[in-house]
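> Following is a predicted model, sequence given first.
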Amino acid sequence: LEMHMNTKCAIKFKNAIDCKEQKVPPIWFMRQAGRYHNHYQNLRKNYTFEDLCKNPELAMLTAMGPVEEFDFDVAILFSDILFPLESLGLDLKYIPGPTFNEKIQPKHIKDLKSAQEIANDLKFQSEALKLTRKELPEDKSLVGFVGGPWTLLSFAAGIKNELKISDVEKNKFFEEALYDTLIPIIKESIKSQLNSGAEIVYIFDTNAVQLEKRYFSEKYLGKLKNELFLPFDKRVAYFTKNDSINHFDDINNEFSLAGYVYNSLNGLPEKLKNTKKGFVQGNFSPQSLLKKHSDFLNDYNLFKNKMLSISSKHRAGWICSLNHGILPKTPEENVKYFINDIRNSFGKL
């Protein structure tokens, strides 16, 4: 795969991926192009969510909005993780959240198109990445994303409650859908996004929290490692709410990841100290960012001072971010303050 990162650009993000010491960390938030932002709300007055995702030019404009206004260091493809499920014959609608007219069944994978054909169905994502890269300043990075296989399956199957290990292992259809159908589709999508200008691709696997810890650690992660992580060595990052991931001593090295998102509000400094390769992203609370400004400042200063107390050597590989996505109704004032003050405070060290 061709590496699209310009050697003159995106130094902060590249340093984080390489776990190199630097004074000021790169900053970006999951869902930074979204409902909290006036730019997004104005676009939604004239276009549906699907329009913004599937029209490459609109997707580019949506992705660029928070970079231009708040000066984030990274732009992310504006899209949704669930679109591959449309190629399985599922009728996906957003009203406003995602809904399907039926749950996934064996018929949806019996006569399935090839993974390459399904990746072609997602060509609008590749085109959006290319347009976004053209518009981005040279010092900004661009990343793509896909849904994790269990997260895609859980949405398609309408699973909202936590499963026990036996529920997955005893369901032949679930395992076939996960490992024989969804993983090859995701693999082709990652390849396509990397070839379209994404510097790395995040695998967002939020719902893998539903998987019992032993099954997640011993079988599921092993499949992801062999089929999605190793083939794109140091070119994919991973996020899940399953806390089992945090118990691996050196996650990036263990799974050949470019990095991962730390999902807990505690323990980030220690995790950074033990990280020798790749980045660790996090971990300010989205709920704290949502508070009125004075209350936000109380939480923010605690977070900032905690991170300032760590040596720059031990902060190597840190991407300053949230431990999950930015929430609707988050004050834009808080977002601006966070970014400017992090840069000013760490730049003075």
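Good, I have the coordinates. Numbering: from 1, shown residues only.

> ok, now how distant is the residue lying closest to I81 once chain neighbours are set aside from A208?
Spatially, and ignoring its direct neighbours in sequence, I81 is nearest to G147 (3.0 Å; CB to CB, 6 or more residues apart in numbering). Just so you know, the C-beta spots here come from the backbone N, C-alpha and C atoms, and that holds for glycine as well. Separation of G147 from A208 (CB to CB, to the nearest Å): 10 Å.

> Mean pLDDT per helix and strand in the chain: which one sits at the bottom?
helix 165-169 (a mean of 72; mean pLDDT, DSSP states H and E).

> which helices and strands sit right next to the helix or strand following it?
For helix 165-169, the following helix or strand on the C-terminal side (DSSP states H and E) is helix 172-176. When contacts are defined as 3 or more CB pairs under 8 Å, 6 or more residues apart in numbering; DSSP states H and E, helix 172-176 sits against helix 165-169.

> again, only using 10 Å
Where contact means 3 or more CB pairs under 10 Å, 6 or more residues apart in numbering; DSSP states H and E, helix 172-176 is packed against helix 149-157, helix 165-169.

> Quick check, K20 in contact with I11.
Yes. Between K20 and I11 a contact is recorded at 9.4 Å, counting by CB atoms under 10 Å.

> So what does I203 have for phi and psi?
phi -100, psi 110 (degrees, to the nearest 10).

> who's in contact with it?
81, 145-149, 151, 186, 190, 224, 228-229, 232, 236-240, 257, 260 (CB atoms under 10 Å, 6 or more residues apart in numbering).

> helix or strand for the nearest residue to E169 once chain neighbours are set aside, which one?
Nearest residue to E169 in three dimensions, chain neighbours excluded: Y215, at 6.8 Å (CB to CB, 6+ apart). According to DSSP H and E, Y215 maps onto helix 213-215.

> Run a quick check on S126 versus L77, I expect a contact.
Yes. Counting by CB under 10 Å, S126 touches L77, with 9.3 Å between them.

> got any residues that touch both of these two?
By CB under 10 Å, 6+ apart, the residues touching both S126 and L77 are G144, Q193, S196, G197, A198.

> Using TSV, lay out those together with neighbour count.
Output for these, formatted as TSV (neighbours: other CB atoms under 10 Å):
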residue	neighbour count
G144	25
Q193	29
S196	21
G197	22
A198	28
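
> Tell me which entries of these lie within strands.
G144 (DSSP state E).

> Next up, the contacts around D299.
D299 is in contact with F284, S285, Q287, S288, L289, K291, N334, counting by CB under 10 Å, 6+ apart.

> what ranges do the helices span in the stretch 151-300 of the chain?
Here the stretch 151-300 of the chain has its helices, by DSSP state H, counting those that start in this stretch, at 165-169, 172-176, 183-194, 213-215, 221-224, 251-255, 268-273, 286-290, 293-308.

> Go through those and name the closest to V280.
helix 268-273 (5.5 Å; CB to CB).

> Before I go, just wanted to say thanks for your time.
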